[in-house]
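**Q** Pasting a predicted model and its sequence here:
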Amino acid sequence: MTKYWLCITNEENWRVIKNKRIWGVPKRHENTIKRVKKGDKCLIYLIQEKIGEEIKESRVTGAYEVTKEVFKDNTRIFKSPPKLGNEIFPFRIKLREIRVFDEPVYFKPLIPRLKFIRNKSKWAGHLMGKAMREIPEEDFLLIMEKGTGI
């Protein structure tokens, strides 16, 4: 049975995901990524961050299908955020692009409709401290619909 995942990253690592078709998580998230199976679907969620003088809002930039189950690779391809020190994101899955959205799907306007976010006023708590989290199929489909510009 297909599972659906929200993969949480930043702008810099989004470029790595897009170019190399690989998703990776820190060692501490090994148990989560090991639940991912070939055929599962992933949405790439970019955190809100300041880039130069611009604040980029949290957004979903694309959808992928998992083509290879978890493997370990210590090659440094991802940039570790300062709070994670020298982390190399060694637990990885290979991806096939389903769609990279022409325009990102901004996350905050979707919160009232997303089922996995139970506490709408404290929505960030559903993502904080996670590298990825499972979401219901209907949330995946809602975001995909928004990503087509419909």
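**A** Great, that's in hand. All values reported here derive from a predicted model rather than from experimental measurement.

**Q** roughly how far out does stretch 12-20 sit from the chain middle?
**A** The chain centroid and the centroid of stretch 12-20 are separated by 11 Å, computed with Cα atoms, centre = their mean, to the nearest Å.

**Q** Which of the residues in stretch 5-13 are classified as buried?
**A** By 16 or more other Cβ atoms under 10 Å, the buried positions in stretch 5-13 come out as W5, L6, C7, I8, T9, N10, N13. Backbone N, C-alpha and C define where each C-beta goes, glycine included.

**Q** Now do the contacts for the nearest residue to the first one once chain neighbours are set aside.
**A** In this structure, W5 finds its nearest non-sequential neighbour in C42, 4.7 Å apart by Cβ to Cβ, 6 or more residues apart in numbering. Counting by Cβ atoms under 8 Å, 6 or more residues apart in numbering, C42 makes contact with Y4, W5, L6, C7, W23, V36, A63, Y64, E65, V66, L95, M132.

**Q** now do K41
**A** K41 makes contact with T2, K3, Y4, W5, A63, Y64, E65, V66, I98, F140, according to Cβ under 8 Å, 6+ apart.

**Q** Now, of the residues you listed, which are buried?
**A** Judged by neighbour count, with 16+ other Cβ under 10 Å as the criterion, the buried members of the contacts of K41 are K3, Y4, W5, A63, Y64, V66, F140.

**Q** re the thing from before, with pLDDT, distance to F107 and secondary structure added, can I get the contacts of C42 in CSV?
**A** Rendered in CSV, the data for the contacts of C42 read as follows (pLDDT from 0 to 100; distance: Cβ to Cβ, whole Å; DSSP: H, G, I helix; E, B strand; the rest coil):
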residue, pLDDT, distance to F107, secondary structure
Y4, 98, 15, strand
W5, 98, 15, strand
L6, 97, 9, strand
C7, 97, 13, strand
W23, 96, 18, strand
V36, 97, 21, coil
A63, 97, 14, strand
Y64, 98, 17, strand
E65, 98, 21, strand
V66, 98, 22, strand
L95, 98, 20, strand
M132, 95, 15, strand
